[in-house]
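In: Pasting a predicted model and its sequence here:
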Amino acid sequence: MKSRVLIVSHIVLIFVFFVFPTIIQGQNVTIKGTAKGAEGKTIILKSYSDYFTLNEQFLARGVIDSSGMFEIKCNIPSTVLAVIHIEYYSGEIYLEQNKSYTIEIKNLVFNDKLDKVNYNLSPFTCYIKVISNEKEELNNLTQKLNIMYNSFIKDNIYILKTKKILFEVDTFLVSVNDTFTRVKHPFFRDYLNYRIASLKLLTNYSDPYKLMINYLYQKPILYDNIEYMTFLNGYFDTYFQDLTHPVLISDLYIPVNVNQSYPELMDVLGKDTLFINEKLREIIMLNTLNFLNSSNNFNKKNVIGILKQVASSSKFQEHKQIAKSMISYLLRFEKGMPAPDFTLKSSNNSDVSLSDFRGKYVYLNFYASWCLDCQDEMELMEKLRQNFDNDVVFISVAADREFMNMYHFSRDQKYNWLFLHLNNNYDLLESYGVCAYPGFVLIGKNGEFVQCPALKPSENIELYLTNLIKKGKETPEEKK
């Protein structure tokens, strides 16, 4: 599970929102705006495929012109929390169907110094200003609530788990009610309701049983509202570790690890009378499977197997889609999964694609010229290349912002393998799971992942390659 799942709804705090919606024809959402400082760069719009994994799916892309202007269009099935990406900057915005938005993306700075910051550990969030005067525009409302909420948390951070917080929560709830009592926007009313639920959970303001009855039991499941899903995730974070509950984490062991059975797991969860509603029970099961996948006590292959059963057999279409999304996300780097193709410029400025090397193994290295560990690994890579040059293609992808940095580095170091330039394609880094430099990936003869991430040269990838190539050269009789 991505760690952002518990904080994503608060990121909107740093946005400044004024949105101007109008009904448009054709594609049902249009975003126009400016992004000064990002001229010539690509802007990408994505949305979350589910709120368990926070896996992002592509919506649209555009190019920011020389004056900093851009326009992107997309179709959305319902209100979505979208994510705008410009290289390593990102920011979230709610999009509603049949509306257009005029926005400004501010404080974008791109330079070599910032390139050295690991944006996976310290995300760069862009400031988005959306221009509007609509009274009940969704982004405007969520931003106002988020400012109040985060200010409350900041002011009371040291007493959140004490009894003193109860009076402060009472005061806060009165203030929130006074501020939003006349707001009719249906999505925001739910958003507000479940943000308050999460606050009550965080501060132990309400008994957990009451929270379950008031917010989950026999209530509609709000798949498209991140505050609902955030509350659901938080509520069941330690639910099955509580010895007072009728179903414990140990009760899940046999249906998952032994029998790999979706019906049996549903039956076990059904022992809790609060889960009598089958639809709620199944969404709780999906949430729990996401947790079990990261647990060392549960078989990950069996977790995936049960998700596949849900994807094919669930009575609920929403759950089928969520299960498919979870499977795709959890298996994306597994052995045998297709490695995303790419085309990048080589040091002699020619186009090179991953697919050019079908029929050979590819040992892919992502690096930056300022990274000392990268250089240490490359010295060992040279020895690997000499030993495996007939069977393995060695490729280093430079993440340096400037092409010439890669050009001079490859020439100065005199490494005798292929160097490519990333050209600030941060989507490519994400699709290969590269979170730090150096990063290594081993790709098979048919363009599939063999190891992602792969062993580094210093971690004895040589032995792994030797065995892999030897096995590949065995005759069918020898393999037996």
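Out: Thanks, I have it.

In: Phi and psi next, for residue 33.
Out: Dihedral pair for residue 33: phi 180, psi -170, per degrees, to the nearest 10.

In: what residues go with each domain of this protein?
Out: 3-135, 145-331, 343-479 (automatic domain parsing).

In: mean pLDDT lowest for which of these?
Out: Among the domains of the chain, domain 3-135 carries the lowest mean pLDDT, a mean of 81.

In: follow-up on the earlier one: tell me which of the domains of the chain lies nearest to residue 337.
Out: domain 343-479 (5.1 Å; C-beta to C-beta). For glycine as for every other residue, the C-beta is placed from the backbone atoms N, C-alpha and C.

In: ok now the closest one, how far from the chain's centre?
Out: 25 Å (C-alpha atoms, centre = their mean, to the nearest Å).

In: And stretch 42-61, by the same measure?
Out: That offset, for stretch 42-61, works out to 8 Å (C-alpha atoms, centre = their mean).

In: is it fair to say residue 31 lies in a strand?
Out: Yes - assessed by DSSP: H, G, I helix; E, B strand; the rest coil, residue 31 belongs to a strand.

In: which ones are touching it?
Out: 45, 71, 72, 73, 95, 100, 101, 103 (C-beta atoms under 8 Å, 6 or more residues apart in numbering).

In: Bridge partners for it, pull those for me.
Out: On the basis of DSSP bridges, residue 31 is bridged to residue 72, residue 101.

In: Report the separation between it and residue 241.
Out: 43 Å (C-beta to C-beta, to the nearest Å).

In: pretty sure residue 435 is touching residue 118, no?
Out: Yes - using C-beta atoms under 8 Å, residue 435 is in contact with residue 118, at 7.2 Å.

In: returning to what we had before: make JSON lines out of the domains of the chain and add distance to residue 337.
Out: What follows is the domains of the chain, written out as JSON lines (distance: least, C-beta to C-beta, whole Å):
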{"stretch": "domain 3-135", "distance to residue 337": "14"}
{"stretch": "domain 145-331", "distance to residue 337": "6"}
{"stretch": "domain 343-479", "distance to residue 337": "5"}
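
In: What number of residues are in the vicinity of residue 389?
Out: When neighbours are defined as other C-beta atoms under 10 Å, residue 389 has 12 of them.

In: Ok, residue 155 next?
Out: 11.

In: related to what we said a few turns ago, okay, the contacts of residue 31 in a markdown table with neighbour count and distance to residue 407 next?
Out: Below are those laid out as a markdown table (neighbours: other C-beta atoms under 10 Å; distance: C-beta to C-beta, whole Å):
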| residue | neighbour count | distance to residue 407 |
| --- | --- | --- |
| 45 | 21 | 33 |
| 71 | 15 | 34 |
| 72 | 20 | 33 |
| 73 | 17 | 37 |
| 95 | 24 | 41 |
| 100 | 18 | 43 |
| 101 | 25 | 40 |
| 103 | 25 | 37 |
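
In: so which of these would you say is closest to residue 125?
Out: Of those, the one sitting nearest to residue 125 (C-beta to C-beta) turns out to be residue 103, at 14.5 Å.

In: sec struct for that closest one, please.
Out: strand.

In: wait, what's in contact with it?
Out: Contacts of residue 103 (C-beta under 8 Å, 6+ apart): 31, 32, 33, 34, 93, 128, 129, 130, 131.

In: Greatest separation within these: which pair is it?
Out: 34 and 93 (14.7 Å).

In: and residue 40, what does it touch?
Out: With C-beta under 8 Å, 6+ apart, residue 40 has these contacts: 63, 64, 65, 66.

In: Apply the buried test to those and list what passes.
Out: residue 64 (16 or more other C-beta atoms under 10 Å).

In: Make TSV out of the contacts of residue 40 and add distance to residue 172 and secondary structure.
Out: Shown next, in TSV, are the contacts of residue 40 (distance: C-beta to C-beta, whole Å; DSSP: H, G, I helix; E, B strand; the rest coil):
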residue	distance to residue 172	secondary structure
63	44	strand
64	40	coil
65	45	coil
66	47	coil
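
In: Same list (the contacts of residue 40) but as CSV, adding distance to residue 402.
Out: Converted to CSV, the contacts of residue 40 look like this (distance: C-beta to C-beta, whole Å):
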residue, distance to residue 402
63, 20
64, 19
65, 22
66, 19
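
In: which one of the contacts of residue 40 sits closest to residue 82?
Out: Nearest to residue 82 among the contacts of residue 40, with distances taken as C-beta to C-beta, is residue 64, at 17.1 Å.

In: With adjacent residues omitted, what lies nearest to the closest one?
Out: residue 70 (4.6 Å; C-beta to C-beta, 6 or more residues apart in numbering).

In: right, and the one you found touches residue 35 too?
Out: Yes - here residue 70 reaches residue 35: they are 6.3 Å apart, a contact under C-beta under 8 Å.

In: Mind listing the shared neighbours of the two?
Out: With C-beta under 8 Å, 6+ apart, residue 70 and residue 35 have common neighbours 43, 64.

In: So which of residue 34 and residue 93 has more stuff around it?
Out: Higher neighbour count among residue 34 and residue 93: residue 93, with 22 against 19, using other C-beta under 10 Å.

In: Just the buried positions in stretch 183-194, please.
Out: Those would be 185, 187, 188, 190, 191, 192, 193, 194, for stretch 183-194 by 16+ other C-beta under 10 Å.

In: Which ones among those map onto helices?
Out: 187, 188, 190, 191, 192, 193, 194 (DSSP state H).

In: Tally up the residues packed near residue 205, please.
Out: Residues near residue 205, counting by other C-beta under 10 Å: 18.

In: hang on, it in a strand?
Out: No - judged by three-state DSSP, residue 205 forms no part of a strand; its state is coil.

In: residues touching the nearest residue to it once chain neighbours are set aside, list them.
Out: The shortest distance from residue 205 to any non-neighbouring residue, by C-beta to C-beta, 6+ apart, is to residue 169 (5.0 Å). Residues near residue 169 by C-beta under 8 Å, 6+ apart: 199, 200, 203, 205.

In: let's see 7 Å
Out: 199, 203, 205 (C-beta atoms under 7 Å, 6 or more residues apart in numbering).

In: cool, residue 213 as well?
Out: Applying C-beta under 7 Å, 6+ apart, no residues contact residue 213.

In: just to revisit the earlier point, quick one: which of the ones in helices among the buried residues of stretch 183-194 is nearest residue 459?
Out: For these, the nearest to residue 459 is residue 194 (44.7 Å; C-beta to C-beta).

In: nearest spatial neighbour of the closest one, skipping sequence neighbours?
Out: Closest to residue 194 by C-beta to C-beta, 6+ apart is residue 227, at 3.9 Å.

In: Would you mind measuring from the one you found to residue 168?
Out: Applying C-beta to C-beta to residue 227 and residue 168 gives a distance of 21 Å.

In: do the same with residue 374
Out: From residue 374 over to residue 168 (counting by C-beta to C-beta), the distance is 50 Å.

In: Pick out whichever of the two has more residues nearby.
Out: residue 374 (21 against 16).

In: Thank you kindly, that will do.
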